[in-house]
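In: Mind folding the following:
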Amino acid sequence: MTEALTRAAWLRGEIERHNHAYYVQDAPQTSDAQYDLLMRELQALEASYPELITPDSPTQRVGAAPLTAFGSVTHAVPMLSLGNAFEAEDVHAFDKRVGDTLRAAGKLSGAEQVDYFCELKLDGLAINLRYERGALVQAATRGDGQTGEDVTSNIRTIKSIPLRLTGEPHEIPEVLEVRGEVFMNLADFDLLNEAQRTRGEKIFVNPRNAAAGSLRQLDPRITAQRPLRFFAYGWGDVGGLQLVKHSDMLDWMARLGLPVNVTQHVVAQGAADLLRYYEQVGARRASLPYDIDGVVYKVNDLEAQRVLGFVARAPRFAVAHKFPAQEAFTTLLDIEVQVGRTGAITPVARLAPVFVGGVTVTNATLHNEDEIRRKDVRVGDTVVVRRAGDVIPEVVGPVLEKRPAFAPQFVMVTACPVCGSAIERLEDEAIARCTGGLFCAAQRKQSLIHAAGRKALDIEGLGEKLVEQLVDRERIHSLADIFTLQAAELAGFERMGQKSADNLIAAIQQAKQPPLGRLIFALGIRHVGETTARDLALHFGSIENVMAASVDDLLGVNDVGPVVAGSIARFFAETHNQEIVHALREQGVEPQAEVAARSAGLSGKTFVLTGTLPVWSREEASSLIVAAGGKVTGSVSRKTSFVVAGTDAGSKLEKARELGVTVLDEDGLRALLADVEFT
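Out: The predicted structure is shown next:
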């Protein structure tokens, strides 16, 4: 038994040494056949002596039994996101802020430049690995930054992640939380998709989705078959060792056997060096074996990091410098027009399929007739298509030297393609509109989808597909008709069983007592958003009073100017709109009075929400701010009072910092709202 124990320990050490050489250093030290012999011998020993099996044995990387669900893990140290830089000016501003703060704190002399640690920003999935006394005991996703999903079983299958730390015993702390990125090499991604295609299974759109999907498998045995890799770039909870530089910390991690992307790191001084690194990485980006979407700059001195601290949910000592939007070339096959809720006619480019920004794009926005003319885009053109992150793809412009002969200029349609009504364009507007109103099926569908949405009547289950069926079958002509639906008839619709139908009817009944502001917003009055709708509700108290209000009356409402007042007055002057409101009341719709803030604490305060909050959705946070007398807008300016930032906050957070706007996290917003009294 002693001999078997010694042999098993030696085999584990050899196998992990070869794993590290192959998966981390890309320098194999043995043949596949020899590696397989070592693994088979260890498996045989553990089969003969089950008591020899340890959690960190390489034989345990094949994956455990399937899970029913992921547990949650509260991070000992929050996993923060980074602020973003997009232009050279952003990098200079970041460097100036850092330098000014450190000089004021006596950590930097007048002419001295800041040392930065520069690294690649991998396009993967952020993970926290927790080691206790050198053994991997837990792994969790970032989640909302405070709480993530427990993916320990799946992480154990990734061969580049050590199950036990190596190195000198005195260097291994009691606790070490390693932060890093799980990703997939491009070549491995291609092989995976080829195998998926052969088996007739789902094709992944990009390596990041493949990595995220693989790591979130409930069956770890599936994860074990996926070619996932890992690079460490930071840490959370650390017990014991304290070093001086960020670069020293990563060197230390590498000595412990953790994979660190050492060949791509540099230490730079000042903004000029940062921008030089950015340009160098951009030039070789296409030749890298994995996807990146930018680079990251971190102040290298750890004491300086502590001095700089954090703002909202991001560190002041680091920033992610993103690469420009990704672009590709394709052929413009056609230009079609779509009809929106307010009758807006939007030209849409139909494209030959092209892979750009991580997805296959076949449609892209052309915005309006003026934009098409400005860009001189024509059917048959080879065009540049741009897509960045989750932004709607757009056509940047044509490649004129590839334009075919006699390519026709775009001519805006004069009649609605859905209802045949005339299309008009007012002199002071860029958008052409269908004049058909609710007679137009397209406008009717979009109006009903809008009315049923979360920010309006919040009728769960009344989605786009069902609305289309109801309108196409002439079952619904107006908003009031929703409240005449019966479960028995709904059960016969596509993908609507009896239970779904019953649930929808229950949601419709619940929507009969909406807050007055939500009902006004649901009506889809042009220029009237959530905030204006609630202001109208607070000012007038009933839907009847809003309907009867003159333009002068409406101008007395907070932030309602002549354009909005005129739009509201025209809406309720239309007989069919009056009839819809009366029909809603006949169906038992009784809007409830809005709750007004008694305190003037947030009156006149303007908020901008960005990123993902830990608990509240943006809609919930917005509603609470508005209920407290504040206003929520979509862009940051010098007039903005507060920016509420969650994880993955982007350019709005950066703009707030540049303008000196106060930044709050969710706790800060809660504290602000706690001082407001409501009637």
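
In: Return the distance of the lowest-mean-pLDDT helix or strand in the chain from the chain's centre.
Out: The helix or strand of the chain with the poorest confidence is helix 32-48; it has a mean of 73 (mean pLDDT, DSSP states H and E). Between the centre of helix 32-48 and the centre of its chain there are 44 Å (Cα atoms, centre = their mean, to the nearest Å).

In: what's the answer for stretch 647-663, then?
Out: With Cα atoms, centre = their mean, you get 17 Å for stretch 647-663.

In: Compute the first-to-last residue distance for it.
Out: When the termini of stretch 647-663 are compared using Cα to Cα, to the nearest Å, they are 13 Å apart.

In: rewinding a little: could you identify the helix or strand that succeeds the least confident helix or strand of the chain?
Out: On the C-terminal side of helix 32-48, the closest following helix or strand by DSSP states H and E is strand 72-74.

In: Now do the buried residues in that following strand.
Out: Val73 (16 or more other Cβ atoms under 10 Å). (Each C-beta comes from the backbone N, C-alpha and C, glycine too.)

In: And it, how far out from the chain middle?
Out: Distance of strand 72-74 from the chain centroid (Cα atoms, centre = their mean) equals 21 Å.

In: strand partners of it, parallel vs antiparallel please.
Out: Counting by DSSP bridges, the strands paired with strand 72-74 are strand 147-149 (antiparallel).

In: Would you tell me what the next helix or strand after the partner strand is?
Out: Past strand 147-149, the next helix or strand by DSSP H and E is helix 152-155.

In: Disregarding flanking residues, what is the spatial nearest neighbour of Lys652?
Out: Spatial nearest neighbour of Lys652, excluding adjacent residues (Cβ to Cβ, 6 or more residues apart in numbering): Thr610 at 4.0 Å.

In: residues in contact with the least confident helix or strand of the chain?
Out: 4, 7-8, 11-12, 14-15, 18, 52-53, 57-59 (Cβ atoms under 8 Å, 6 or more residues apart in numbering).

In: Buried among those? Make that a PyMOL selection.
Out: Selection of the buried residues among the contacts of helix 32-48 in PyMOL, burial being defined by 16+ other Cβ under 10 Å:
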select buried, resi 8+11+12+14+15+18+52+57+58+59
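
In: Could you provide the contacts of helix 32-48 in CSV, with additional columns for distance to Ala573 and pLDDT?
Out: Converted to CSV, these look like this (distance: Cβ to Cβ, whole Å; pLDDT from 0 to 100):
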residue, distance to Ala573, pLDDT
Ala4, 91, 74
Arg7, 91, 82
Ala8, 86, 80
Leu11, 85, 83
Arg12, 82, 79
Glu14, 85, 83
Ile15, 80, 79
His18, 80, 76
Leu52, 85, 70
Ile53, 80, 75
Ser57, 78, 76
Pro58, 77, 73
Thr59, 78, 72
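
In: need the strands for the stretch 101-250 of the chain, in chain order.
Out: Under the criterion DSSP state E, counting those that start in this stretch, strands of the stretch 101-250 of the chain are mapped to 115-122, 125-132, 135-141, 147-149, 175-183, 229-238.

In: Lowest average confidence across those strands, which one?
Out: With a mean of 86, strand 147-149 has the lowest mean pLDDT of those.

In: residues making contact with that strand?
Out: Contacts for strand 147-149 (Cβ under 8 Å, 6+ apart): 70-75, 79, 128, 140-143, 216, 614.

In: now do 10 Å
Out: For strand 147-149, the surrounding residues in contact (Cβ atoms under 10 Å, 6 or more residues apart in numbering) are 69-75, 78-79, 126-128, 139-143, 215-216, 614-615.

In: Among the contacts of helix 32-48, which one sits closest to Ala649?
Out: Closest approach to Ala649 among the contacts of helix 32-48 (Cβ to Cβ): Pro58, at 40.5 Å.

In: Which residue, neighbours along the chain excluded, lies closest to that closest one?
Out: The nearest residue in space to Pro58 (Cβ to Cβ, 6+ apart) is Ile15, at 4.5 Å.

In: And what about that neighbour, helix, strand or coil?
Out: helix (DSSP: H, G, I helix; E, B strand; the rest coil).

In: didn't it look like it was pressed against Pro162?
Out: No: applying Cβ atoms under 10 Å, one finds Ile15 not in contact with Pro162, separated by 11.7 Å.

In: mind exporting the least confident helix or strand of the chain as CSV, just the C-alpha atoms?
Out: Provided in CSV are the C-alpha atoms of helix 32-48 (Å, rounded to 0.1, in the frame of the first residue of the first chain):
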residue,chain,number,x,y,z
ASP,A,32,0.8,11.8,-26.4
ALA,A,33,1.4,8.1,-26.1
GLN,A,34,3.7,8.5,-23.1
TYR,A,35,1.2,10.8,-21.4
ASP,A,36,-1.6,8.3,-22.0
LEU,A,37,0.6,5.6,-20.4
LEU,A,38,1.0,7.7,-17.3
MET,A,39,-2.7,8.4,-17.1
ARG,A,40,-3.7,4.8,-17.6
GLU,A,41,-1.3,3.7,-14.8
LEU,A,42,-2.7,6.2,-12.4
GLN,A,43,-6.3,5.2,-13.3
ALA,A,44,-5.5,1.6,-12.7
LEU,A,45,-3.9,2.3,-9.3
GLU,A,46,-6.9,4.3,-8.2
ALA,A,47,-9.2,1.6,-9.4
SER,A,48,-7.3,-1.0,-7.3
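
In: where in the stretch 51-200 of the chain is pLDDT low?
Out: For the stretch 51-200 of the chain, the stretches with pLDDT under 70 are 55, 60-69.

In: Would you map the helices across the stretch 251-400 of the chain?
Out: 270-284, 302-308, 369-375 (DSSP state H, counting those that start in this stretch).

In: Now mean pLDDT and mean neighbour count too, for these, in TSV please.
Out: Shown next, in TSV, are the helices of the stretch 251-400 of the chain (pLDDT from 0 to 100; neighbours: other Cβ atoms under 10 Å):
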stretch	mean pLDDT	mean neighbour count
helix 270-284	92	17
helix 302-308	91	17
helix 369-375	87	15
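
In: Compile those helices into JSON lines and extend it with columns for distance to Ala548.
Out: Listed next are these as JSON lines, based on distance: least, Cβ to Cβ, whole Å:
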{"stretch": "helix 270-284", "distance to Ala548": "60"}
{"stretch": "helix 302-308", "distance to Ala548": "57"}
{"stretch": "helix 369-375", "distance to Ala548": "38"}
